[in-house]
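Enquirer: Show me how the following folds:
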Amino acid sequence: MTAHFYWVGAIPAMFSWPFHDAFYYGSKARSVPEYLKMRFDEKTRGFNAFTFAVMTIFSSGISMYVMGLLMHLVLAGASAPRAATAAIVLAYTYLGGLTSAIYNEVLQFFLIVAGFAPLAILSCVKAADGMASFRGCPRT
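Expert: Below you'll find the predicted structure:
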């Protein structure tokens, strides 16, 4: 549900950038907090930083809670190989930092593409077969 609230603000922002970017270019500000400081004062920029920090803490807390629920569902009664695999991935990411997480994401991307490629090919073949029979063409 929280993702829906994000899109309520994100969709109008996607289409309003030509209007608010004119203010940034005109003021030579490089960020929203810098613009708030230039346009109003330091207190306004500080209030923006405080509210952003509170929102980030709540958002991170919700994300961590949901991830905990998911891990509980996935690993509850987990077999030893699944738990060992999760421990290896956790240790690899923890020891390697952001670089290892990025390499991990790239590897996962290629594995997902390799897994979905046969599915995409089979669905295209099935769709073409269905269209041929729909048009009354003989099947090949």
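
Enquirer: use CA for all of it now, contacts and neighbours both
Expert: OK.

Enquirer: Tell me how far the host helix or strand of residue 7 lies from the chain's centre.
Expert: Applying DSSP states H and E as the criterion places residue 7 in helix 2-27. Taking Cα atoms, centre = their mean, to the nearest Å, one finds helix 2-27 lying 18 Å from the centre of the chain it belongs to.

Enquirer: next structured bit after it?
Expert: Scanning forward in sequence from helix 2-27 by DSSP H and E, the next helix or strand is helix 32-39.

Enquirer: Just name whatever secondary elements that following helix is in contact with.
Expert: helix 42-75 (3 or more Cα pairs under 8 Å, 6 or more residues apart in numbering; DSSP states H and E).

Enquirer: For the helix it packs on, buried residues please.
Expert: Under the neighbour-count criterion of 16 or more other Cα atoms under 10 Å, helix 42-75 has 45, 48 buried.

Enquirer: quick one: which helix or strand includes the closest residue to residue 101 other than its chain neighbours?
Expert: Excluding the flanking residues, the one nearest residue 101 by Cα to Cα, 6 or more residues apart in numbering is residue 93, at 5.6 Å. Using DSSP H and E, residue 93 sits within helix 80-134.
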